[in-house]
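[1] Below: sequence and its predicted model.
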Amino acid sequence: MTAMRTRVSALLMCAWLPCCSLGDEYSTHALGADELIEELDEIVRIDGQGDDRRIVYRDEALLSEWYMRSWTLLPIRWGLAALFGRRARHALERPAAHVRAIVRELPYEAGDDLVAGAATTIRCGWLAELDANPHTRILALDGVARIVRQLGLTPFAGDFADLDAPLPAEERGRWRSALQNGRPRARGTVAPPAEYLEALASLTARSLPRWDARLLLVEDLTGLYLEEQDPAARRQVARALRAAIGHCARNLLLGAIRRRGPRAAFARSRRFAEVRLCALEQIRRLGGPRTVPLMLATMAASPEERSANFTGFDPDPYVLLRLIHYCGQLRGELAESVVRLPGREDWIATSPVEFLARMVFEEDAYYSKLRTPALIALTWSLGRERVDPDAKWVRQWLDGRDG
């Protein structure tokens with residue numbers, strides 16, 4: 001009787017397994033963070049050097065088998081892996097779609113684990129900076145922002161004037177040498193030297209100037225965290241790694257809306273407007289209302305751009321509408337606050353209420369879809385009792401400020 005039950009169960013299993021194999025080839029729900037990272041690294045390749053780097057997708061990769069991806073087989077998937085193998089080489093008709101499925105799932109699987117969060121930040125960071133597909137960039141930015149929240153980081157805390165003030169090059173070189181000389185495989189059984197611990201704090205006290213250097217620092221500190229065995233030094237490495245992840249996240253989000261630098265064209269392209277909308281939303285969520293003046297300062301056109309007839313903040317009306325919405329939520333001191341970023345002393349500094357007033361006067365009175373929202377937002381921000389569609393009061397208010 002027992003033998004008969006076993007044969008029946010085996011037959012049912014054999015009949016059921018082929019049906020399951022017809023599932024979604026991009027399903028990743030049953031994979032853990034390590035498996036997702038492993039799969040992502042199999043598909044994505046970074047070609048080139050420096051500013052010529054680009055993302056390349058392999059059309060054939062070593063991927064997890066279908067039974068490793070199925071929730072229904074979760075209790076027995078490792079048994080099936082032992083019998084039939086965990087991975088196999090597969091051809092991918094849409095490798096970019098598979099990568100997007102991984103990036104969508106990976107932050108949730110990483111949770112609040114520091115190593116998995118750092119690995120996710122690195123992968124999402126490369127995609128957010130280099131991928132040509134706006135949807136991929138949006139998922140990557142969302143992924144980094146989720147990691148920041150899950151790790152409890154506050155990348156937009158502190159004085160915004162220090163955001164673009166990196167360590168001098170000579171200091172970076174000195175601290176990097178101290179870090180390499182003090183790491184476990186270099187020092188052996190000797191206790192961590194004081195300069196090594198100081199280097200961990202100093203290298204991450206401020207953001208590194210280049211986006212790739214920030215990602216590579218997270219990667220280096222992740223390896224150091226796994227390598228370090230001294231309890232006190234490991235805690236210091238963890239603090240440095242968390243700070244480096246915060247720097248990466250902040251600069252990735254601000255870089256998506258920044259009007260200068262090697263990738264400034266993305267901040268002016270209508271094709272990447274949804275990427276900028278994503279970045280604006282994540283900055284606002286992570287930093288609160290005080291980030292609104294920072295967004296305006298980051299997105300403002302330079303004097304050279306204005307003289308070349310570039311738009312003041314963004315060419316896309318939906319991005320401008322989002323800025324109007326954010327500015328209209330502010331009142332009092334925050335609505336009047338201005339952020340002045342280093343290196344932009346000759347740029348026009350704009351507060352949220354001044355931005356709204358400018359939108360009222362720069363938009364066409366009859367055809368613009370932004371003028372009325374800006375007028376309503378300014379009315380609310382200034383605490384006026386009713387909305388007056390005649391914009392003369394805005395001019396009077398501005399003249400009173402100038403006087």
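    Thanks, I have the structure now. Residues are numbered from 1 along each chain as shown.

[2] who's in contact with the residue positioned nearest the centre of the chain?
    Central residue of the chain (CA atoms, centre = their mean): Leu141, 3.3 Å from the mean position. By CB atoms under 8 Å, 6 or more residues apart in numbering, Leu141 lies in contact with 124, 128, 252-253, 256, 275, 278-279, 282. C-beta: built from backbone N, CA, C; applies to glycine.

[3] Of these, just say which sits nearest to Arg395.
    Here the nearest of the contacts of Leu141 to Arg395, counting by CB to CB, is Ala279; it sits at 33.0 Å.

[4] ok but the closest one is inside a helix, no?
    Yes. Counting by DSSP: H, G, I helix; E, B strand; the rest coil, Ala279 is part of a helix.

[5] Now the residue nearest to it when sequence neighbours are not counted: which helix or strand?
    Closest residue in space to Ala279, ignoring its immediate chain neighbours: Ala256 at 3.7 Å, by CB to CB, 6 or more residues apart in numbering. Assessed by DSSP states H and E, Ala256 sits inside helix 231-257.

[6] Also Asp220?
    Counting by DSSP H and E, Asp220 is found in helix 211-227.

[7] CA atoms only: put that helix into CSV for me.
    The C-alpha trace of helix 211-227 is given here as CSV (Å, rounded to 0.1, in the frame of the first residue of the first chain):
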residue,chain,number,x,y,z
TRP,A,211,29.5,59.2,-9.1
ASP,A,212,31.6,56.2,-10.1
ALA,A,213,34.0,56.8,-7.2
ARG,A,214,31.1,56.9,-4.8
LEU,A,215,29.8,53.5,-6.1
LEU,A,216,33.3,52.0,-6.0
LEU,A,217,33.8,53.2,-2.4
VAL,A,218,30.6,51.4,-1.4
GLU,A,219,31.9,48.3,-3.0
ASP,A,220,35.2,48.5,-1.3
LEU,A,221,33.7,49.1,2.1
THR,A,222,31.3,46.2,1.6
GLY,A,223,34.3,43.9,1.1
LEU,A,224,36.1,45.4,4.1
TYR,A,225,33.0,44.9,6.2
LEU,A,226,33.0,41.2,5.3
GLU,A,227,36.8,41.0,5.8
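
[8] buried stuff in that helix?
    211-212, 214-215, 217-222, 224-225 (16 or more other CB atoms under 10 Å).

[9] Tell me what angle it forms with helix 231-257.
    Relative orientation of helix 211-227 versus helix 231-257 (axes from the mean of the first three to the mean of the last three CA atoms, to 10 degrees): 160 degrees.

[10] Quick one: mean pLDDT over helix 211-227.
    For helix 211-227, the mean per-residue pLDDT is 94.

[11] which other residues reach it?
    Contacts for helix 211-227 (CB under 8 Å, 6+ apart): 50, 53, 114-115, 118-119, 121-122, 125-126, 129, 179, 183-185, 200, 203-204, 207-208, 234, 237-238, 240-241, 244-245, 247-248, 251-252, 255.

[12] now that helix: how far from the chain's centre is it?
    Mean C-alpha position of helix 211-227 versus that of the full chain (CA atoms, centre = their mean, to the nearest Å) differs by 16 Å.

[13] buried residues in the helix holding Ala256?
    233-234, 236-238, 240-257.

[14] what's the answer for stretch 191-208, then?
    Neighbour counts using 16+ other CB under 10 Å place 192, 196-197, 199-200, 202-204, 206-208 of stretch 191-208 among the buried residues.

[15] Heading C-terminal from the host helix or strand of Arg172, find the next helix or strand.
    Per DSSP H and E, Arg172 falls inside helix 169-182. Proceeding C-terminally, helix 169-182 gives way to helix 184-187 as the next helix or strand, assigned by DSSP H and E.

[16] can you list the residues that contact that following helix?
    Residues contacting helix 184-187 (CB under 8 Å, 6+ apart): 180-181, 193, 196, 227-230.

[17] Going by distance to Ser64, which of those wins?
    Once CB to CB is applied, the member of these that ends up nearest Ser64 is Glu227, at 27.8 Å.

[18] Quick check: the closest one vs Leu277, distance?
    Glu227 sits at a distance of 40 Å from Leu277 (criterion: CB to CB, to the nearest Å).

[19] Same question for Asp41.
    Applying CB to CB to Asp41 and Leu277 gives a distance of 29 Å.

[20] Likewise for Arg187?
    The gap separating Arg187 from Leu277 is 48 Å, by CB to CB.

[21] gap between Pro192 and Arg235?
    In terms of CB to CB, Pro192 sits 11 Å off from Arg235.

[22] Repeat that for Glu363.
    When Glu363 is compared with Arg235 (using CB to CB), they lie 54 Å apart.

[23] I figured Pro352 hits Val292, correct?
    Yes. If you go by CB atoms under 8 Å, Pro352 and Val292 touch, sitting 5.6 Å apart.

[24] intersection of neighbour lists for the two?
    326-327, 330, 334.

[25] rewinding a little: can you pull the contacts of the residue nearest to Ala279?
    Neighbours of Ala256 in contact, by CB under 8 Å, 6+ apart: 128, 137, 141, 266-267, 272, 275-276, 278-279.

[26] between those residues, which is closest to Pro373?
    Arg276 (18.0 Å).

[27] Go ahead and produce CSV holding the CA coordinates of the strand or helix carrying that closest one.
    Secondary structure assignment for Arg276, by DSSP H and E: helix 273-287. Output of helix 273-287 as CSV, limited to C-alpha atoms (Å, rounded to 0.1, in the frame of the first residue of the first chain):
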residue,chain,number,x,y,z
ALA,A,273,10.9,63.6,-17.7
GLU,A,274,9.5,60.6,-15.8
VAL,A,275,12.9,59.9,-14.4
ARG,A,276,13.1,63.4,-13.0
LEU,A,277,9.5,63.1,-11.6
CYS,A,278,10.6,59.9,-9.8
ALA,A,279,13.7,61.6,-8.4
LEU,A,280,11.7,64.6,-7.2
GLU,A,281,9.2,62.4,-5.4
GLN,A,282,11.9,60.3,-3.7
ILE,A,283,13.9,63.4,-2.6
ARG,A,284,10.7,64.9,-1.1
ARG,A,285,9.9,61.6,0.7
LEU,A,286,13.4,61.1,2.1
GLY,A,287,14.2,64.7,3.0
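
[28] hmm, who's touching the following helix or strand past that helix?
    As assigned by DSSP H and E, the chain's next helix or strand after helix 273-287 is helix 291-299. Contacts to helix 291-299, defined as CB under 8 Å, 6+ apart, come from residues 156, 160, 163, 254, 257-259, 267, 280, 283-284, 287, 313-314, 323, 326-327, 329-330, 334, 337-341, 344, 349-352, 355.
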